[in-house]
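Undergrad: Okay, here's the prediction I keep looking at, along with the sequence it came from:
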Amino acid sequence: MCIGHEGRTHTEYPMKLNRNGAIVYQGPSMIDGAPIVAIVTGLTRKSKNEKTGNMAQVFILRADMSPLQAIASGADGSSSSVTGGAA
């Protein structure tokens, strides 16, 4: 369960439908088995970045903690389920 702002879980927030992004994977990390989620964005809105043009962006996050908790605990960096030590 992901803990959000002020200790509330994600189920306590109203969910908004976002057509620009989608969850493409949710399950165990192939590196260490920790729960992760992969989210792709850039599906409907065109990029304003002239250098890169239109391209999708993928975020791979721990599913069992907020990004701030992952940073504080080191679960986002070296030897983690997200980067595999390539941080």
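TA: It's in.
Undergrad: ok, Ala22 touching Leu43?
TA: Yes: Ala22 is within contact range of Leu43, at 6.4 Å (criterion: C-beta atoms under 8 Å). For every residue, glycine as well, the C-beta is placed using N, CA and C.
Undergrad: what touches both of those two?
TA: By C-beta atoms under 8 Å, 6 or more residues apart in numbering, Ala22 and Leu43 have no common neighbours.
Undergrad: which other helices and strands contact whichever strand or helix holds Val24?
TA: Using DSSP states H and E, Val24 sits within strand 21-28. Counting contacts by 3 or more C-beta pairs under 8 Å, 6 or more residues apart in numbering; DSSP states H and E, strand 21-28 is packed against strand 35-41.
Undergrad: outside of the next helix or strand after the strand it packs on, which residues touch it?
TA: Scanning forward in sequence from strand 35-41 by DSSP H and E, the next helix or strand is strand 57-62. Contact with strand 57-62 is made by 24, 34-42, 67, 69-70, 75-76, 81-82, as judged by C-beta under 8 Å, 6+ apart.
Undergrad: List the buried residues of strand 57-62.
TA: Leu61, Arg62 (16 or more other C-beta atoms under 10 Å).
Undergrad: sec struct for Met72, please.
TA: In this structure residue 72 is Ala, not Met. In three-state terms, and counting by DSSP: H, G, I helix; E, B strand; the rest coil, Ala72 is helix.
Undergrad: From Ile31, how far out is Gly74?
TA: Remark: distance between Gly74 and Ile31 (C-beta to C-beta, to the nearest Å) = 14 Å.
Undergrad: again with Thr44
TA: Distance from Thr44 to Ile31, by C-beta to C-beta: 31 Å.
Undergrad: Just checking, which helix or strand of this structure averages the lowest pLDDT?
TA: None of the helices or strands of the chain scores lower by mean pLDDT, DSSP states H and E than helix 67-73, at a mean of 87.
Undergrad: circling back to that earlier point, using ChimeraX, make a named selection holding only the buried ones among the contacts of strand 57-62.
TA: Filtering the contacts of strand 57-62 down to the buried ones (16+ other C-beta under 10 Å) takes a single ChimeraX command:
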select :34,35,36,37,38,39,70,75,76,81,82
